[in-house]
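K.L.:
model this:
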Amino acid sequence: KMIIFAPNLMFLDYISDVLPELGVGDIQQRTFGDWAAELLDIQLASDDHTHTLHQWFETEPGQGTPDIDDNVSGRYKGSLRLMEIIRRCVVAIESEALPDGDFSPWEGAVLKQETIAEWFYQEYKPYPLAKRKERLLARLHRWVEMELKKSPSVTAMKERKKKAAQREKAYANRWPKFEPVSLYKQLFGAVKATGSWFEELSALIPLEVLAATRKDLKKNMVREEDLPALLYFHCLLNDITGEQRFDHIVIDEAQDFSPFQVAVLDLFVRGHSFTILGDLSQGIHAYRGVHAWEEMSSLFKEEETAYFALTRSYRSTMEIIEFANGVLEKGVASNLLAVPVFRSGDAVRLIPYDSAKSRTRDLERAMEALIAKEYRTVAILTRTLREAQELHEGLSSKWPELNLIDGSKGTYQGGYSVLPVYLSKGLEFDAVVVADADQAHYAEKAWDAKLMYVGCTRALHELWLLHGEPLPSYIMTETSEITASGWPAE
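P.N.:
Numbering: from 1, shown residues only. Below you'll find the predicted structure:
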């Protein structure tokens, strides 16, 4: 039993024909968000995807990508630091779980707290908390039924049974609710905590993360970045059923996964059996993903892991790959570069806009030239969704079939498309036009260089960069065999 986790529904649709061709069509293919939300039976905030992408990518020209540290929300909520807080949280809840006092179903019948504590903390210790509570309350009910048989009369039995039912219900309500969302809300102060455990543990959470998450949870908004924590609560509180376990898990685009996600998934797979595939050079979701593979490998024993660097690239022409490698070398300082299969094509074309006002006209001209070459799929990649929407509006009168890929659709239409560069990862096109490949849109930062790298490597056969001035320093301009300047001769 296997599952493949992919980054989004469009990517799943895009690869949907591949697995059956390999004879492995019965493997589950899901996004982590959909799988986890279904298992937890919760609904994610409707604006979650757009909210996160807007926060990190929809910057104004000249701003570049925001700065990131380990305390930004996605990085923190995907960290082992939060995982440890939740583990300590459940330990504290367990120690405070037992209601004070004996249980008396009616006057004269008493079940001592010491006996109840022995059941909960010793006899049922092997079970997770929710199961322990369930078994204890069932045993308490059986004890009540045994005591009822000692009633002196049928009338007394009926009266005792009625009173016992009320008191059993009241006693059950005095126990904590071992429910992930409830405990998560308590940890972040969105609802009043039952117990004294939360103050010490909440104080360990970065203040900005604490405040933003509390605000969301008070509106009953759960985001995808909350799912690893909620899943871990679920695993500590409940049994993982055989039906929920996998023999092997494949994670694609794993650079966008967090250590916490993988650590929780490890609870659902037999024998730590993973295939984790990714490319740190395409780590454009660095606000939530890993920055080094050691963040993943450190979760497992050294003898249980093997690392392989797959450098051979079969997608793009030699010119496109060499150009993209230059972006990595200069912009990211990466020494793990793609090795192209020898398939030569046209040089990567660098075209300055004729003027500031000619941008849309120049992009239309580029699209016309590439469509005239009878490429089946051609895409213009903008820096932001806002720019993609504006460009789509400007060009769709000429090409009514032009697709706007804005992240709202689960299927890839093919043909001609306009989309922001950050939504292009995982897709490929015969020809690509990177719009606004200048410093106003791609700053001198490693994250911006990775966005540029992702955009360039979407092209199979031909890559054009249209730009204002100046170009980022990681754009290769001096190698005549790799690049060409200006419009092609007509």
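K.L.:
what's the weakest-modelled helix or strand in the protein?
P.N.:
Lowest mean confidence among the helices and strands of the chain (mean pLDDT, DSSP states H and E): helix 18-21, at a mean of 62.
K.L.:
which SSE is immediately downstream of that one?
P.N.:
strand 28-30 (DSSP states H and E).
K.L.:
in the sheet, which residues pair with T483? Tell me.
P.N.:
Beta-bridge partners recorded for T483 (DSSP bridges): V348.
K.L.:
count of residues packed around it?
P.N.:
20 (other C-beta atoms under 10 Å). (C-beta placed from N, C-alpha, C; glycine too.)
K.L.:
correct me, but it touches M476?
P.N.:
Yes - the criterion here is C-beta atoms under 8 Å, and T483 meets it with M476 at 6.0 Å.
K.L.:
next, the distance between the ends of stretch 350-364.
P.N.:
In stretch 350-364, first residue to last residue: 16 Å (C-alpha to C-alpha, to the nearest Å).
K.L.:
which stretch of helix or strand covers E159?
P.N.:
If you go by DSSP H and E, E159 is part of helix 154-173.
K.L.:
could you point out which element follows that helix?
P.N.:
Counting by DSSP H and E, the next helix or strand C-terminal to helix 154-173 is helix 180-187.
K.L.:
which strands and helices sit next to that next one?
P.N.:
When contacts are defined as 3 or more C-beta pairs under 8 Å, 6 or more residues apart in numbering; DSSP states H and E, helix 180-187 packs onto helix 80-96, helix 198-202, helix 227-237.
K.L.:
pick out the shakiest of these, pLDDT-wise.
P.N.:
Per-segment mean pLDDT for the helices and strands packed on helix 180-187 reaches its minimum on helix 198-202, at a mean of 88.
K.L.:
using PDB, list the CA coordinates for that helix.
P.N.:
Output in PDB follows, covering the C-alpha atoms of helix 198-202 (Å, rounded to 0.1, in the frame of the first residue of the first chain):
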ATOM      1  CA  PHE A 198      -0.700  25.900  28.500                       C
ATOM      2  CA  GLU A 199       0.900  29.000  30.000                       C
ATOM      3  CA  GLU A 200       4.500  27.600  30.100                       C
ATOM      4  CA  LEU A 201       4.200  26.000  26.700                       C
ATOM      5  CA  SER A 202       2.500  28.900  24.900                       C
END
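K.L.:
show me what counts as buried in the helix or strand following that helix.
P.N.:
Downstream of helix 198-202, the next assigned helix or strand under DSSP H and E is helix 207-218. By neighbour count on 16 or more other C-beta atoms under 10 Å, the buried set for helix 207-218 is V209, L210, T213, R214, D216, L217.
K.L.:
same question, stretch 173-193
P.N.:
Along stretch 173-193, these residues count as buried under the neighbour rule (16+ other C-beta under 10 Å): 175-176, 178, 180-191, 193.
K.L.:
ok, the residues you listed vs I249, which is closest?
P.N.:
Closest approach to I249 among the buried residues of stretch 173-193 (C-beta to C-beta): P180, at 21.0 Å.
K.L.:
so who does that closest one touch?
P.N.:
Counting by C-beta atoms under 8 Å, 6 or more residues apart in numbering, P180 makes contact with L40, L230, L231, F233, H234, L237.
K.L.:
so I68 touches Y287, yeah?
P.N.:
Yes - with contact defined as C-beta under 8 Å, I68 reaches Y287; the gap is 5.4 Å.
K.L.:
residues shared between the contacts of the two?
P.N.:
Common contacts of I68 and Y287, defined by C-beta under 8 Å, 6+ apart, comprise R75.
K.L.:
how far away from the center of its chain is stretch 438-453?
P.N.:
Stretch 438-453 sits 23 Å away from the centroid of its parent chain (C-alpha atoms, centre = their mean, to the nearest Å).
K.L.:
likewise for stretch 409-425?
P.N.:
Its chain's average C-alpha position is 19 Å from that of stretch 409-425, according to C-alpha atoms, centre = their mean.
K.L.:
check stretch 253-264 too.
P.N.:
8 Å.
K.L.:
start to end distance for it?
P.N.:
17 Å.
K.L.:
state the mean pLDDT of that stretch.
P.N.:
Rounded mean pLDDT across stretch 253-264 is 96.
K.L.:
likewise stretch 435-453?
P.N.:
Here the average pLDDT along stretch 435-453 is 95.
K.L.:
check which residues of that stretch are buried.
P.N.:
Under 16+ other C-beta under 10 Å, the buried positions of stretch 435-453 are 435-443, 445-453.
K.L.:
for stretch 362-380, same thing?
P.N.:
D362, L363, E364, A366, M367, A369, L370, Y375, T377, V378, A379, I380.
K.L.:
and the furthest pair within the residues you listed?
P.N.:
Spanning the widest gap among the buried residues of stretch 362-380 are D362 and T377, at 20.9 Å by C-beta to C-beta.
K.L.:
each with direction, which strands does the strand ranked longest in the chain pair with?
P.N.:
Taking DSSP state E as the criterion, the chain has its longest strand at strand 459-467. Partners of strand 459-467 in the sheet, by DSSP bridges, are strand 348-352 (parallel), strand 429-434 (parallel).
K.L.:
following element in sequence after the last one, please.
P.N.:
Sequence-wise, the next helix or strand downstream of strand 429-434 (DSSP H and E) is helix 446-456.
K.L.:
and the first one, by the same measure?
P.N.:
Tracing the chain C-terminally past strand 348-352 and defining elements by DSSP H and E, one meets helix 359-371 next.
K.L.:
next, the contact list for K425, please.
P.N.:
So K425 contacts P7, E253, Q282, I284, V454 (C-beta under 8 Å, 6+ apart).
K.L.:
the first one: which element?
P.N.:
Using DSSP H and E, P7 sits within no helix or strand.
K.L.:
surely it meets D256?
P.N.:
Yes - applying C-beta under 8 Å, one finds P7 in contact with D256, separated by 6.1 Å.
K.L.:
the two: which has the busier surroundings?
P.N.:
Shown here are P7 and D256; by other C-beta under 10 Å, D256 has more neighbours (23 against 19).
K.L.:
mind checking how far that one is from E364?
P.N.:
Look at D256 and E364: by C-beta to C-beta, to the nearest Å, they are 33 Å apart.
K.L.:
likewise for I371?
P.N.:
11 Å.
K.L.:
if we can go back for a sec, go through the strands paired with strand 459-467 and pick out the most buried.
P.N.:
Comparing the strands paired with strand 459-467 by mean neighbour count (mean count of other C-beta atoms under 10 Å), strand 429-434 ranks first with a mean of 25.
K.L.:
how far off centre is that strand?
P.N.:
27 Å.
K.L.:
go on, stretch 413-430?
P.N.:
Here stretch 413-430 is found 20 Å from its chain centre; the criterion is C-alpha atoms, centre = their mean.
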